[in-house]
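>>> Dropping a prediction and its sequence here:
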Amino acid sequence: MWIRPQEILLANALWSVEQANPYFVLQKRKGKGLAGLLVGTLDSVLDSKAPLYRILHRVTDADTSYIVAISNCKREITSDWQWLEINLINTLSTFEDATEVTNFVKCKVESLVAQNIPEKPKEDVDSSDLQDANVKFHKLFSMPPEEKLVNYYSCSYWKGVPRQGWMYLSVNHICFYSFLMGKEAKFIVRWTDVTKLEWGNNRLFPDSIRVKTRKEKFEFSLFISSEETFQLMEQLANMAMNQLMSEEGFQEDRTLPTKTRKKATVKNYSLKRDLDARARSEAYRCNFNLPLNEKLDGEAKCTMWTPYNKQHVWGTIYISSGFICFASRVRCLVTIVIPMCEINIVEKIENSSNSVLPDAILLSTRGKSNFLFAQLTERDFMLERISDLLFKQPEFSRSPSQILAIPKSPSMTTPDADSLTPTVQVSFQPALSTLFAHQSSTKHAEKETEKLRLWEHHFSEYGRGVCMYRTHDLHQLILDGIPNALRSEIWMIYSGAIHEMTTNPKLYSTLVEKSSNMENFMTDEIERDLHRSLPEHPAFQSEIGIDALRRVLTAYAFKNPNIGYCQGINIVTSVLLLYLSEEETFWLLTAICERLLPDYYNNKVVGVQVDQDLPVPSCHQRVYAF
């Protein structure tokens, strides 16, 4: 097979000569004795499988040569050799200058390559490399066909002596293979057996990665990108633990966006790309407390105008199907969350010669707030993408701002006609603290009044509601304490529960209706714990509070049977009912159990067990340092 001429210096190292003439030499790879061991070691370390045969063009009076053909088949390489002898030898003998000979050979061989082998795009080459590695991975470690290779990295494994080889990371395993001077070293470790992952420096090499199981310890170094490798290993280990707890298998996500920026289309599905997209989406949801079904669509560097201090703040704008978010480059300086359903208008600010806001767009919301983003390098594409997402937005009966503006008073609520026909009418309660007065001291009342004044002043400067500017000052106000009158609003906004409540306007009433006659072991446990939930508070000495608590707990157990009901949920729910309405309590409980503390309230209570094993003094030191 003809290849583009490649220059080499050591033409005879590890190769034996089969045929030769004044211009070319046909060589065969050595494979026996000490030279064979060295060849195998180099192939393993460099992850290169050199061909068995090759043809070199020898440059007269020079130490360099050029590879012009390679093959693993003797018949094919012999055919190429004969072609050279028939078609080129006589022509080359007419040249007097060695440079002219070399240039002619290179030109002729490149023309043969261009005729026979179309050039592959880089993406296809990378995909082909991963496919080859996947075949090798399954062959070396006898993996079943359903085991998926994510990526592989060159590294050195330390066990007495360093062994240079390749680390293979799959969905369920971490594997290593090395072939050094005739000795083979390989091992397989399941992610579920890993107890600790560490990334740091050892005595000899920086940026080493240590993997610990219950019985063994593995140490790796000499990575090209140790940070990328460690992040992927950490993600795969966490994913394996989550699958172990949920008893669910890995599911590929092929719904990733095919176009992430202008003139950049992703052609091929890749498991590594899938996991990278999952990690970015998970970080996006975690940073802004968004629903679990939100997937990051794109992001871009830009500036945002902050009217409270009249400055342009550098940061990143994030776009998903339901939200536009912004986070400043300086941590906790300012963030915003804008639901798509709150946006009225998005428009482009035209550039001018003396414009101080190049490549800017303006967002206007239902609450008459304006957000100005500038210096967007791909503004037109960003604007087009936002417009497409706005066009696809479903119609909601209430927006988050409308929900927060509803007065908290008792209301008769029944399921809509779209749901099951109701058999009874249910009175959903507002915050129970509005119905059952709890005596407080004068000093406490004065503190509440002062905190409420500080919050009202903050709202007047930074805005109020879902689209408020979330700054360090707001974080400090939360740490100092939220007034009772504002707890419902702030808890719903900051937890992100308001968004799930907006997108599922009929769900709670429907669940209450469906679960009203449900009787099983979970309802029996709920009934036993109802009167143990804040029994000293007047609200839960009344059937009004007990009935509200029963409805919320039963509706959630019906919604999420994987969690159902476990001890501790009743205490959390009873506290929430004091400050939130029934429906708000249901959605905030959902956010706590499924997003904010996903491993706390379930049958295995893994989160609680992990926290019990943490050294408390160390935690306190970290919190105080933060």
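Yes, it's here.
>>> So which bits of stretch 519-526 are buried?
Using 16 or more other Cβ atoms under 10 Å as the burial criterion, the residues of stretch 519-526 that qualify are 522, 523, 525, 526. To be clear about C-beta, it is placed using only N, CA and C from the backbone, and glycine gets the same treatment.
>>> can I assume residue 236 is in contact with residue 151?
No. With contact defined as Cβ atoms under 8 Å, residue 236 does not count as touching residue 151 (9.7 Å).
>>> Quick check: neighbours shared by those two?
Jointly contacting residue 236 and residue 151 under the rule Cβ atoms under 8 Å, 6 or more residues apart in numbering are residue 169.
>>> So between those two, which is more surrounded?
residue 236 (23 against 20; other Cβ atoms under 10 Å).
>>> List phi and psi for residue 476.
The phi/psi pair for residue 476 (degrees, to the nearest 10) reads phi -70, psi -40.
>>> same check, this time on the one 3 residues further on
Note on residue 479: backbone dihedrals following degrees, to the nearest 10 are phi -60, psi -30.
>>> Which pLDDT value belongs to it?
Note for residue 479: predicted pLDDT of 91.
>>> List the contacts of it.
Going by Cβ under 8 Å, 6+ apart, residue 479 touches no other residue.
>>> Check the gap between it and residue 198 for me.
Going from residue 479 to residue 198 by Cβ to Cβ, to the nearest Å gives 32 Å.
>>> And residue 592, by the same measure?
Taking Cβ to Cβ, one finds residue 592 at 31 Å from residue 198.
>>> Over to residue 133?
Taking Cβ to Cβ, one finds residue 133 at 26 Å from residue 198.
>>> what is residue 319 paired to in the beta sheet?
Counting by DSSP bridges, residue 319 forms beta bridges with residue 298, residue 324.
>>> Give me the number of neighbouring residues for residue 195.
Count around residue 195 with other Cβ under 10 Å applied: 11.
>>> So which residue is dead centre in the chain?
residue 279 (0.9 Å; Cα atoms, centre = their mean).
>>> isn't that residue right next to residue 235, touching?
Yes. Residue 279 is within contact range of residue 235, at 5.6 Å (criterion: Cβ under 8 Å).
>>> show me where the stretch 301-450 of the chain has helices.
379-391, 400-405, 442-462 (DSSP state H, counting those that start in this stretch).
>>> Including mean pLDDT and mean neighbour count, could these go into a markdown table?
Shown next, in a markdown table, are the helices of the stretch 301-450 of the chain (pLDDT from 0 to 100; neighbours: other Cβ atoms under 10 Å):
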| stretch | mean pLDDT | mean neighbour count |
| --- | --- | --- |
| helix 379-391 | 91 | 16 |
| helix 400-405 | 80 | 18 |
| helix 442-462 | 91 | 13 |
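>>> Show the contacting residues for the closest residue to residue 312 other than its chain neighbours.
Distances taken as Cβ to Cβ, 6 or more residues apart in numbering put residue 303 closest to residue 312, at 4.2 Å, once the chain neighbours are dropped. If you count contacts by Cβ under 8 Å, 6+ apart, residue 303 has them with 312, 313, 314, 315, 373, 374, 375.
>>> is the second one in a bridge, and if so with what?
What it means is residue 313. For residue 313, the beta-bridge partners are residue 304 (DSSP bridges).
>>> and the gap between it and residue 472?
12 Å.
>>> Please say which of those two ends up with more neighbours.
When residue 313 and residue 472 are compared for neighbours, residue 313 comes out ahead with 18 against 12, by other Cβ under 10 Å.
>>> need the contact list for the more buried one.
303, 304, 305, 306, 328, 329, 330, 333, 334.
>>> Give the buried subset of those residues as a PyMOL selection command.
To isolate the buried members of the contacts of residue 313 in PyMOL, using 16+ other Cβ under 10 Å:
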select buried, resi 303+304+305+306+328+334
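>>> Farthest-apart pair in the contacts of residue 313, please.
305 and 330 (15.9 Å; Cβ to Cβ).
>>> before we move on, back to that, of residue 133 and residue 198, give the one with the bigger neighbour count.
Legend: neighbour count by other Cβ under 10 Å for residue 133 and residue 198, higher for residue 133 (16 against 11).
>>> hang on, that one in a strand?
No. Applying DSSP: H, G, I helix; E, B strand; the rest coil, one finds residue 133 to be helix, outside a strand.
>>> Bridging across strands, which residues link to the residue nearest to it when sequence neighbours are not counted?
What sits nearest to residue 133 in space, not counting adjacent residues and going by Cβ to Cβ, 6+ apart, is residue 152, at 4.9 Å. When bridges are called by DSSP bridges, residue 152 pairs up with residue 168.
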